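Participant: no FASTA, just this:
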């Protein structure tokens, strides 16, 4: 049976308890959780409020003690934002990859107007091809008809944003 990996990309600007709650909810469901702070994004300059060096150190501190969790700092070290397709290619050699997204990112998926469709490079194709874990934070359950074809919903006990 193939190893199952959850790829959790966020700004971690800075990492907080809500991020840790997500990782703790993912751990029992996957063989490994990859925590990947995203690098600079031209469409979201606020993601760099905390300097990359500090986000890297804080992310390591926030998750270092969790078994089967790996922090991938490639984006911060290379000062770039890795697209979902590249992440899939990088990690798919290790097992079946699942991309962690929020309920807000799949909203309007039934109409092909989700954030994934509209903002991700090749979004419509990725929607059909990739596996997604859709986080359902308190009060944010996604509508079933908005979900990607290869997805599962994971309830997360903590709400929050950095």
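Facilitator: Good, I have the coordinates. Please read these numbers as outputs of a predicted model, since none were measured by experiment. Numbers count the residues shown, from 1 in each chain.
Participant: Please, where are all the helices along this protein?
Facilitator: Secondary structure of the chain (DSSP state H): helices located at 17-26, 52-63, 74-78, 84-91, 103-106, 115-119, 123-129.
Participant: Same list (these) but as a markdown table, adding mean pLDDT.
Facilitator: Formatted as a markdown table, those follow (pLDDT from 0 to 100):
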| stretch | mean pLDDT |
| --- | --- |
| helix 17-26 | 95 |
| helix 52-63 | 94 |
| helix 74-78 | 94 |
| helix 84-91 | 96 |
| helix 103-106 | 96 |
| helix 115-119 | 96 |
| helix 123-129 | 97 |
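Participant: could those helices be laid out in a markdown table, adding distance to residue 42 and mean neighbour count?
Facilitator: C-beta coordinates here come from the backbone N, C-alpha and C atoms, glycine included. Compiled in a markdown table, these are given as follows (distance: least, CB to CB, whole Å; neighbours: other CB atoms under 10 Å):
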| stretch | distance to residue 42 | mean neighbour count |
| --- | --- | --- |
| helix 17-26 | 23 | 19 |
| helix 52-63 | 15 | 17 |
| helix 74-78 | 14 | 16 |
| helix 84-91 | 16 | 17 |
| helix 103-106 | 18 | 20 |
| helix 115-119 | 12 | 16 |
| helix 123-129 | 17 | 15 |
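Participant: mind checking which of these is nearest residue 145?
Facilitator: helix 103-106 (10.2 Å; CB to CB).
Participant: now for that closest one, which elements pack on it?
Facilitator: On a contact count with 3 or more CB pairs under 8 Å, 6 or more residues apart in numbering; DSSP states H and E, helix 103-106 meets helix 115-119, strand 131-136.
Participant: Check residue 51 and give its pLDDT.
Facilitator: Listed pLDDT for residue 51 reads 83.
Participant: For it, which phi and psi angles does the backbone take?
Facilitator: phi -60, psi 150 (degrees, to the nearest 10).
Participant: Of the helices of the chain, which is nearest residue 35?
Facilitator: Of these, nearest to residue 35 by CB to CB is helix 52-63, at 5.3 Å.
Participant: so how far is the closest one off the chain centroid?
Facilitator: Mean-position distance between helix 52-63 and its chain equals 16 Å (CA atoms, centre = their mean, to the nearest Å).
Participant: follow-up on the earlier one: columns distance to residue 65 on top of the helices and strands packed on helix 103-106, output as JSON lines?
Facilitator: Output for the helices and strands packed on helix 103-106, formatted as JSON lines (distance: least, CB to CB, whole Å):
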{"stretch": "helix 115-119", "distance to residue 65": "32"}
{"stretch": "strand 131-136", "distance to residue 65": "22"}
